[in-house]
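**Student:** Next one to model:
(one chain, ligands or ions: 2)
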Amino acid sequence: MCQQYVYVIYVFSQLTILNDHCNYAHVDVRHSPTPIKKAAVHTKDEFNSKVKTACQEQRTGTVGFKIAKVIVVGDLAVGKTCLINRFCKDAFDKNYKATIGVDFEMERFEVLGVPFSLQLWDTAGQERFKCIASTYYRGAQTIVIVFDVNDVASLGHARQWLEDALKENDPTNVQLFLVGTKKDLSSPAQYSQIEQDAIELAEEIKAEYWALSSLTGENVREFFFRIASLAFEANVLAELEKSGSRHIGDVISEYTAIHC
Ligand SMILES: Nc1nc2c(ncn2[C@@H]2O[C@H](COP(=O)(O)OP(=O)(O)OP(=O)(O)O)[C@@H](O)[C@H]2O)c(=O)[nH]1
Ligand SMILES: [Mg+2]
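**Tutor:** Ligands and ions are numbered 1, 2, ... in the order given. Presented below is the predicted three-dimensional model:
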């Protein structure tokens, strides 16, 4: 299971890590954690003002107790497991061990002072394990479709992965990410070729496009912070919509106190 970290997110571009002894290690992310703008559905790099206000006034209702389900799908050996392991364990294994069925990790965050968790579901890309894995697709708030930037066929299969994942989920209620892995293995010239196709696809399917490397760690943390930020924001907005003008979330300060 994952290490005991709570990632604290105040704004999209400034991140702080809180470990289990409640010591703050500040990580100032100088570069923007937003993806390539033209491929981004969610181009904003600030939280919605309604969300910020709700958090300041502790009106986030049940969001602090929520766990957002994230499913990670894509062809075999594109690097799904390595991506999750780089983020959750800061580890990288160069030997390929196929995921059999599914596996999952929990990651705790604190976003704008509110606890929030992601459940990261790592699924099998191998055909023979696909039917087991697909039974775990249901209830996803975020779908991450992974391809290898050095393998054009894996990008070609992205649409099918999306279709399968959407069979089990409400398309209007999920956030989509298209992620190119193993960027460290491609030259700038090779990469720019596949990038064009990836951006085009991302625009078409309304996904946010990211390219990263689990070997070097490039963009990995930024990517998961982005997922957490957007999932959190969507949850708060949904909660605000549900509650209308009613004041919600009286228990949230107590819950935050337990965590820290
Ligand atoms: N160079 C490099 N190799 C990578 C990277 N990510 C993964 N790999 C390698 O690619 C192979 C497959 O990685 P996995 O993460 O196991 O692939 P997967 O998508 O989980 O595969 P399945 O579980 O079969 O679906 C392994 O040998 C990894 O070491 C990366 O960013 N850079
Ligand atoms: Mg795997």
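**Student:** rest of the way, CA atoms for contacts and neighbours
**Tutor:** Noted.
**Student:** How about the residues of the stretch 1-150 of the chain by ligand 2?
**Tutor:** Residues of the stretch 1-150 of the chain found near ligand 2, taking CA under 5 Å from the ion as the criterion, are 81, 99.
**Student:** tell me the strands in the stretch 1-150 of the chain, going along the chain?
**Tutor:** Along the stretch 1-150 of the chain, counting by DSSP state E, counting those that start in this stretch, strands occupy 5-11, 14-19, 24-27, 67-74, 102-111, 114-123, 142-148.
**Student:** What is the burial count for the residue lying closest to residue 105 once chain neighbours are set aside?
**Tutor:** The shortest distance from residue 105 to any non-neighbouring residue, by CA to CA, 6 or more residues apart in numbering, is to residue 120 (5.2 Å). When counting by other CA atoms under 10 Å, one arrives at 23 neighbours for residue 120.
**Student:** ok, back up a step: mean pLDDT lowest where, among the strands of the stretch 1-150 of the chain?
**Tutor:** Set side by side, the strands of the stretch 1-150 of the chain differ in mean pLDDT, and strand 24-27 is lowest with a mean of 29.
**Student:** other SSEs contacting the host helix or strand of residue 222?
**Tutor:** Under DSSP states H and E, the secondary-structure element containing residue 222 is helix 220-243. Packed against helix 220-243, as judged by 3 or more CA pairs under 8 Å, 6 or more residues apart in numbering; DSSP states H and E, are the following elements: helix 49-56, helix 80-89, strand 102-111, strand 114-123.
**Student:** Swap in 6 Å and give it another go.
**Tutor:** Helix 220-243 makes packing contacts with no helix or strand when contacts are defined by 3 or more CA pairs under 6 Å, 6 or more residues apart in numbering; DSSP states H and E.
**Student:** Any residue of stretch 137-144 touching ligand 1?
**Tutor:** No. Shown here: stretch 137-144 not in contact with ligand 1 (CA under 6 Å from any ligand atom), separated by at least 11.8 Å.
**Student:** for stretch 92-105, that is, sorry about that
**Tutor:** Yes. Using CA under 6 Å from any ligand atom as the criterion, contacts between stretch 92-105 and ligand 1 involve 93, 94, 95, 96, 97, 98, 99.
**Student:** Good, we can wrap up now.
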